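Engineer: let's see this in three dimensions:
(one chain, ligands or ions: 2)
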Amino acid sequence: MYAPRMKKAKSEYLVLAGLLKKLAPKIGARVLLEPEWHIAGQIRYKDGSNRYFRYNTLDLNPVGASDIAKDKDYANFFMQKMGYPTIRGKSFFSDEWCEAIQSNRNTKAAYRYAQTLGLALSSSKGSPVIVKPNSGTQGTDVTLVHTKQEFFRAMKKIFKHDRVALVQRQVRGRDYRIVVLDKEVISAYERIPLNVVGDGRSTIKQLLARKARAFIASSRDTRINQSDARVKAKLRHQGQSLGCVPHRSERVYLLDNANLSSGGDAVDVTKEIHPGFKKLAINLTKDMGLRLCGVDLMIDGNISEKPNKYWILEINAAPGLDHYVKTGKAQQKIVEDLYLKVLKHLAR
Ligand SMILES: Nc1ncnc2c1ncn2[C@@H]1O[C@H](COP(=O)(O)OP(=O)(O)O)[C@@H](O)[C@H]1O
Ligand SMILES: [Mg+2]
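Structural biologist: Ligands and ions are numbered 1, 2, ... in the order given. Now for the predicted structure:
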């Protein structure tokens, strides 16, 4: 049996498995949870059919389409071919992988490409670029680099866990997740990167530690790490450091990626989303062969306005739906309704 990712298994996924077990009887189904880790389950429907889940992977999406969605480079290729606005970028390989597949798309080639995207040698004059693992999740190692040194350091880090890295231009705007289930948008939220708000007395380091404690207290599964090189670099580029004391109510951003797992905030926009963006997310989900999909967009503007300038950041074939479950009773109800919907659709 596959050992679970312990940190995760103890929190979010346990909640999800428990939730499915609790909700199933409402539609006459039952959930059999594997008793050792409580993260894999079988849903037994009353018509005799069974469906399965493991972590937040549910038996909704076809395996091929899910695999493509997990590979950002492949997904971008197909999305671009269908005319969706993807982000300009290219994939490169670790030295070992270059050797194995006889490719010269190594880190040096990646650096030359980054320069064509505007990366400057040392100063912060040029355009920073994004580097990230091709098969990453949760924002791990997604890095905005401003200099040659930062570029090589970030690539090295990526190649510790992935043999393919993406180099992309940085797109700017507001970062949104739209969740689609079978031709319907069931949830949408804006994601705001990890930040702290000053009280006029505490250092950024203290504010961050406080935030981390609050996450633990609310059992939100986040990976925030004070010694993250990205946080230090982000502060440095703003002329700050962990020891600085922000003014009262001053907001200081600490990361460039807006993933909730790396401490970002979610603001629900399900009721405000423009029909044009709904349509886009629904079509993209269908075109990518998926039934349940988290469509991540960077919008130069607002999601309540008619689509104009925006990019597809990535698609997610196993989106979690419980991003605001920790915030209150009303939100708990919304999340339960979402998963009840999922349980019903799974039966089809
Ligand atoms: N090219 C880019 N330009 C600007 N921001 C980006 C870019 N790529 C990623 N990001 C930021 O980083 C986050 C995580 O990137 P993503 O590709 O979705 O990786 P992951 O699978 O780890 O979530 C995005 O939601 C966005 O906030
Ligand atoms: Mg993402």
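Engineer: how close does the closest residue to ligand 1 within the chain sit to residue 342?
Structural biologist: Across the chain, the shortest distance to ligand 1 (C-beta to the nearest ligand atom) belongs to residue 257, at 3.1 Å. Placement of C-beta: from N, CA and C, glycine included. Distance, residue 257 to residue 342, using C-beta to C-beta, to the nearest Å: 26 Å.
Engineer: the more surrounded of those two?
Structural biologist: Neighbours were counted for residue 257 and for residue 342 using other C-beta atoms under 10 Å; residue 257 has more, 24 against 20.
Engineer: what about the more buried one, which SS state?
Structural biologist: coil (DSSP: H, G, I helix; E, B strand; the rest coil).
Engineer: could you list the low-pLDDT ranges of the chain?
Structural biologist: 1-12, 123-124, 323-328 (pLDDT under 70).
Engineer: what residue spans form the domains of it?
Structural biologist: 6-59, 60-86+172-193+258-319, 88-169 (automatic domain parsing).
Engineer: out of the ones you listed, the one nearest residue 219 is which?
Structural biologist: Distance to residue 219, taken as C-beta to C-beta, is lowest for domain 6-59 among the domains of the chain, at 5.4 Å.
Engineer: the closest one and ligand 1 in contact?
Structural biologist: No - on the criterion C-beta under 6 Å from any ligand atom, domain 6-59 is out of touch with ligand 1, staying 13.9 Å away.
Engineer: specify the beta-bridge partners of residue 167.
Structural biologist: residue 90, residue 131 (DSSP bridges).
Engineer: and it, what does it touch?
Structural biologist: The contact partners of residue 167, by C-beta atoms under 8 Å, 6 or more residues apart in numbering, come to 89-92, 110, 113-114, 117, 129-131.
Engineer: can you rerun that using 7 Å?
Structural biologist: Listed by C-beta atoms under 7 Å, 6 or more residues apart in numbering, the contact set of residue 167 reads 89-90, 92, 110, 113-114, 129, 131.
Engineer: likewise for residue 150?
Structural biologist: residue 233.
Engineer: confirm it sits in a helix?
Structural biologist: Yes - the assignment for residue 150 by three-state DSSP puts it in a helix.
Engineer: how near is it to residue 234?
Structural biologist: Residue 150 is 11 Å from residue 234, by C-beta to C-beta.
Engineer: likewise for residue 134?
Structural biologist: For residue 134, the distance to residue 234 - C-beta to C-beta - is 23 Å.
Engineer: next: residue 339.
Structural biologist: Look at residue 339 and residue 234: by C-beta to C-beta, they are 35 Å apart.
Engineer: before we move on, back to that, specify which member of the contacts of residue 167 is nearest to residue 187.
Structural biologist: residue 89 (27.6 Å).
Engineer: separation between residue 250 and residue 191?
Structural biologist: 21 Å.
Engineer: what parts of the stretch 201-348 of the chain come near ligand 1?
Structural biologist: Counting by C-beta under 6 Å from any ligand atom, the residues of the stretch 201-348 of the chain that sit close to ligand 1 are 257-259, 296, 298, 313-314.
Engineer: in these, find the pair that's most separated.
Structural biologist: It's 259 and 298 that sit farthest apart of these, by C-beta to C-beta, at 13.1 Å.
Engineer: neighbour-wise, which of these two wins?
Structural biologist: Comparing residue 259 with residue 298 by other C-beta under 10 Å, the one with more neighbours is residue 259, at 22 against 19.
Engineer: can you give me phi and psi for that one?
Structural biologist: Residue 259 adopts backbone torsions of phi -60, psi 140, taken as degrees, to the nearest 10.
Engineer: any idea how many residues pack against the nearest residue to it once chain neighbours are set aside?
Structural biologist: Excluding the flanking residues, the one nearest residue 259 by C-beta to C-beta, 6 or more residues apart in numbering is residue 139, at 3.3 Å. Residues contacting residue 139 under the criterion other C-beta under 10 Å number 23.
Engineer: likewise residue 256?
Structural biologist: Residues contacting residue 256 under the criterion other C-beta under 10 Å number 19.
Engineer: same thing with residue 82?
Structural biologist: Neighbour number of residue 82 under other C-beta under 10 Å is 12.
Engineer: residues contacting the nearest residue to residue 145 once chain neighbours are set aside?
Structural biologist: In this structure, residue 145 finds its nearest non-sequential neighbour in residue 151, 4.6 Å apart by C-beta to C-beta, 6+ apart. Taking C-beta under 7 Å, 6+ apart as the contact definition, residue 151 lies against 111, 114, 119, 131, 145.
Engineer: run the last query once more with 10 Å
Structural biologist: 107, 110-111, 114-115, 119, 128-129, 131, 143, 145, 167 (C-beta atoms under 10 Å, 6 or more residues apart in numbering).
Engineer: do residue 259 as well
Structural biologist: Neighbour list for residue 259: 136-140, 142, 175, 177, 191, 193-194, 222-223, 296 [criterion: C-beta under 10 Å, 6+ apart].
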